Structure formats: structure tokens, C-alpha cells
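# okay, predicted coordinates and the sequence, questions at the end:
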Amino acid sequence: MIETALLNSADIFQYVAKTGMIYPFDVQKLQGASYEVALRGTVIWWDEENKKEHVERLEKPGDSFQLEPNSIAFVTLEPMFRIPDYLALRFNLKIVHVYKGLLLGTGPLVDPGFVGRLSIPLHNLTANTYTFYAGDGMIQMEFTKLSKSGAW
């Protein structure tokens with residue numbers, strides 16, 4: 001049994017194998033104490049000039065979108081999550097994106113029991129345009145086992 005703690009990659013792997021909490025799951029995306037989560041799915045952003053909403057679908061390799069300077073887009077993450085009642089998730093942008101001047105605009109806590117895919121607001125605080133592709137690693141996610149409860 002794993003005690004209350006931030007899970008290491010071996011423990012994350014064990015929980016995925018037993019609970020199916022991440023689908024699809026790629027063992028190659030495990031880091032020391034985190035899991036890299038890719039971009040895949042719906043992207044929504046607004047055109048400042050025309051005040052128009054745009055929707056893109058990033059599903060297959062080569063599908064892309066451009067995050068314009070000083071803009072925000074809501075991007076969908078690839079996996080379906082089924083988080084057990086005894087785990088909580090936290091995440092942030094991969095450091096390579098932070099160094100570009102991008103910002104994740106959310107309080108990155110996913111509560112126990114969450115089921116579904118996540119969409120996150122991605123801010124471009126620079127004068128540069130960045131292109132993102134389906135399957136690009138977007139965030140690093142950590143998993144924390146909660147303190148014991150009689151319900152488990």
C-alpha cells in the first residue's frame with residue numbers, strides 16, 4: 001500500500017494499471033514524479049479584430065493551431081481521466097512553454113472523483129505567434145494520494 005505522498009513514476013504507473021485513471025496512457029511520458037499530458041481535441045479562441053469565436057479540432061498528426069500574440073485560447077488535453085476518490089492532481093505548463101512567455105490561466109487542482117477530459121486556458125503574453133500540434137506535450141501533471149478515509 002502506498003502512503004499519503006506525491007506519487008513517483010512507478011506509483012503513477014501502478015495506479016494507472018489498476019484503475020485505468022488515464023486513457024490513453026503512454027509509459028514513455030512518465031517523468032520522475034509527473035506525467036506529460038499532450039494537446040489533442042478542441043481549441044477555441046477569439047479573433048480580436050472581428051470579435052469572432054474560432055474552433056479548431058486537433059486530432060491527427062499534423063493538425064495545428066496558432067496562438068497569436070497577446071491572446072488566449074482554450075485547449076483540450078488528450079487523455080480521458082477517471083480519478084479515484086483517494087487521489088488529487090495538480091498540473092502546470094511544461095517549463096519549455098513557460099520560457100516562451102506562455103501562461104496557464106487556471107487554478108491547477110483536479111479533485112478526487114473527476115471523470116472527463118480537461119480544457120485549459122493558455123495565455124500568450126508575448127509579441128510572438130506560436131504554433132501547436134496535436135500530440136504536443138503541453139503540461140506536466142503530478143498525483144498526490146490523500147490522507148486516509150474510512151470510506152476507502
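All right, it came through fine.
# mind checking pLDDT for residue 6?
At residue 6, the predicted lDDT confidence score is 94.
# which one's the longest strand in the chain?
Using DSSP state E to define each element, the chain has its longest strand at strand 35-47.
# quick one: average confidence on that one?
Strand 35-47 shows a mean pLDDT of 93.
# same for it, what does it pack against?
Under the contact definition 3 or more C-beta pairs under 8 Å, 6 or more residues apart in numbering; DSSP states H and E, strand 35-47 sits against strand 52-58, strand 64-67, strand 71-77, strand 137-145. Where C-beta positions appear, they are placed from N, C-alpha and C, glycine not excepted.
# distance to residue 86 and mean neighbour count added to those, as JSON lines?
Supplementary listing: those in JSON lines, determined by distance: least, C-beta to C-beta, whole Å; neighbours: other C-beta atoms under 10 Å:
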{"stretch": "strand 52-58", "distance to residue 86": "32", "mean neighbour count": "13"}
{"stretch": "strand 64-67", "distance to residue 86": "36", "mean neighbour count": "18"}
{"stretch": "strand 71-77", "distance to residue 86": "22", "mean neighbour count": "19"}
{"stretch": "strand 137-145", "distance to residue 86": "6", "mean neighbour count": "20"}
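# now those strands as a markdown table including mean pLDDT and distance to residue 33?
Converted to a markdown table, the helices and strands packed on strand 35-47 look like this (pLDDT from 0 to 100; distance: least, C-beta to C-beta, whole Å):
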| stretch | mean pLDDT | distance to residue 33 |
| --- | --- | --- |
| strand 52-58 | 89 | 28 |
| strand 64-67 | 94 | 28 |
| strand 71-77 | 94 | 19 |
| strand 137-145 | 95 | 6 |
